[in-house]
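Asks: Just a sequence and a predicted model for now, questions to come.
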Amino acid sequence: MARLPIGYRERKDGRIECRFTINGKSYSCYASTVKECREKERQLREDIANGAYTQNKNLTLDKYYEEWKNARKGTIKGNTALGNDSRYRNHIKPALGHRKLIEIEKREIVQLQQKLAESQEPSSVNAIIVQLKTMLNDAVTEGILQKSPAAGIKLLKVEKKATETYHRALTEEEQKLFMQEAKKEWLYELLALLLCTGMRVGEASALTWSDIDYVNNVIHVTKTISRTEDGKYTVGTPKSKTSVRDIPMNDAIKSVLKSQKEKQDMMHSKIVKLNQSVFENLYGGMVFNASVNKAITETLKRINKKEVVIEHFSAHALRDTFATRYIEQGGSAQVLKTILGHSSLAMTMDLYSHVMPNTKQKEMDNIIIAL
């Protein structure tokens, strides 16, 4: 190794340490290379001169996370806050939570990324690293750090597209078998509405009878069931502005709602109010995503015992199945976008482009051009 500058030494762990004194007080900084250590020394001297070092020198990532989390309260959805907390608590905190913010090095973040990649999907690792990057960038904005140690760290390459990984549509045969067997489930009508409208579970669960507009022949989607930052379920605003929408009703949808109304008439002795939820659990309470997925799992278990195996899927597959059938049967992607509540046509096309080739051929066969 080349001769180190005065005041620098190589530690047992291989890192370079710089020591210097200002007004009788000793200071140290560490880095992987002499160049990085020089930059840290420069930043540290600048912080000391500006009086920022004393205030922030002992601030750990754990302590900063609490400040960062509290500053975001009320500005993000409860589900987003819960996701942030889960990623920090389970993955970031064990590795870096105890570290002083100003001493965290780029190599430590790279090591965390590499370790996570051994057991997590690339998309999950990226979500964790992006959150850490956001926190550190905010620390720079607040003047706690001069430069983010995560700057320049590239995210992992995600080989599979979202359509291949998460979006699975049932085949027509699977759809028929599943819905026939699902009639034995208490939540059958909810499952059927998801399939007929492409609604999200939270949106369908939040529907009240006042949202069913028979005059204009539409379902008004104006709310969803979500979770607050403390983990409680509540009825709130939808995922995005475009999620607020009207879904036209056809005969199949009306039939499902009629069946559900008859079920509730029996439950409530034909006293069903307009502000009452369209779908309820057996005890009259909210229907959650977990309950819907349990109904799907139980249905699949019964089907698979009959030697007709259907690969497991979640409630979101019913949304994908609706979109796939819609395109297969000649529906336009632009209209589908508004029914699903997507924010852009590009999103719709990206998710369901795998259905387009057959549809294009059918539409092309119907074009007659005189020559």
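Replies: Arrived safely, thanks for sending.

Asks: Just the CA coordinates for the host helix or strand of I327, please, in CSV.
Replies: I327 belongs to helix 316-328 when assigned by DSSP states H and E. Below are the C-alpha coordinates for helix 316-328, written out as CSV (Å, rounded to 0.1, in the frame of the first residue of the first chain):
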residue,chain,number,x,y,z
HIS,A,316,-55.8,-9.3,-7.4
ALA,A,317,-55.9,-12.1,-10.1
LEU,A,318,-59.6,-11.4,-10.4
ARG,A,319,-58.9,-7.8,-11.4
ASP,A,320,-56.4,-9.1,-13.9
THR,A,321,-58.8,-11.7,-15.2
PHE,A,322,-61.5,-9.0,-15.8
ALA,A,323,-59.0,-6.9,-17.7
THR,A,324,-57.8,-9.8,-19.8
ARG,A,325,-61.4,-10.9,-20.7
TYR,A,326,-62.2,-7.2,-21.5
ILE,A,327,-59.4,-6.9,-24.0
GLU,A,328,-59.9,-10.4,-25.4
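
Asks: Just the CA trace of the helix or strand following that helix, in CSV.
Replies: For helix 316-328, the following helix or strand on the C-terminal side (DSSP H and E) is helix 333-340. Below are the C-alpha coordinates for helix 333-340, written out as CSV (Å, rounded to 0.1, in the frame of the first residue of the first chain):
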residue,chain,number,x,y,z
ALA,A,333,-57.5,-0.2,-23.6
GLN,A,334,-58.4,3.5,-23.2
VAL,A,335,-61.8,2.6,-21.8
LEU,A,336,-60.3,-0.2,-19.7
LYS,A,337,-57.9,2.4,-18.2
THR,A,338,-60.8,4.4,-16.8
ILE,A,339,-62.7,1.4,-15.5
LEU,A,340,-59.6,0.1,-13.6
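
Asks: Could you give the average pLDDT over the helix or strand following helix 333-340?
Replies: The helix or strand immediately downstream of helix 333-340 is helix 345-352, counting by DSSP H and E. Averaging pLDDT along helix 345-352 yields 78.

Asks: helices or strands up against helix 345-352?
Replies: helix 162-165, helix 316-328, helix 333-340 (3 or more Cβ pairs under 8 Å, 6 or more residues apart in numbering; DSSP states H and E). From N, CA and C alone the C-beta is placed, and that goes for glycine too.

Asks: so after the first one, what's the next helix or strand?
Replies: Looking back up the chat, that one is helix 162-165. helix 172-182.

Asks: which parts of that next one are buried?
Replies: 174-175, 177-179, 181-182 (16 or more other Cβ atoms under 10 Å).

Asks: go on, stretch 236-247?
Replies: Result for stretch 236-247 [16+ other Cβ under 10 Å]: buried residues 236, 238-239, 243-247.

Asks: before we move on, what about stretch 342-353?
Replies: Buried-residue list, stretch 342-353, by 16+ other Cβ under 10 Å: 342, 348, 351-352.

Asks: what do you get for stretch 223-236?
Replies: 223-227, 229, 233, 236.

Asks: what's the lowest-pLDDT member of those residues?
Replies: Checking pLDDT across these, the minimum falls on E229 at 73.

Asks: picking up where we left off before, how distant is the helix holding I327 from the center of its chain?
Replies: Its chain's C-alpha centre and that of helix 316-328 lie 20 Å apart, by Cα atoms, centre = their mean, to the nearest Å.

Asks: Deepest in the core, which of the helices and strands packed on helix 345-352 is it.
Replies: helix 316-328 (a mean of 22; mean count of other Cβ atoms under 10 Å).

Asks: Which strands and helices lie in contact with that one?
Replies: Other elements packing on helix 316-328 under the criterion 3+ Cβ pairs under 8 Å, 6+ apart are helix 172-182, helix 188-197, helix 333-340, helix 345-352, helix 356-365.

Asks: so what's Q43 scoring on pLDDT?
Replies: For Q43, the model assigns a pLDDT of 83.

Asks: actually A81, not the one I wrote
Replies: pLDDT, A81: 89.

Asks: check contacts around it.
Replies: Shown in contact with A81 (Cβ atoms under 8 Å, 6 or more residues apart in numbering): 69, 72-73, 229.

Asks: quick one: which of the residues you listed sit in strands?
Replies: Applying DSSP state E to the contacts of A81, no entry is found in strands.

Asks: With distance to L257 added, can I get these in TSV?
Replies: Shown next, in TSV, are these (distance: Cβ to Cβ, whole Å):
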residue	distance to L257
K69	41
R72	39
K73	38
E229	34
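
Asks: Sort the residues you listed by pLDDT and name the bottom one.
Replies: Lowest pLDDT among the contacts of A81: E229, 73.

Asks: Quick check: the closest residue to that one other than its chain neighbours vs S226, distance?
Replies: Distances taken as Cβ to Cβ, 6 or more residues apart in numbering put A81 closest to E229, at 4.2 Å, once the chain neighbours are dropped. Per Cβ to Cβ, to the nearest Å, A81 is found 11 Å from S226.
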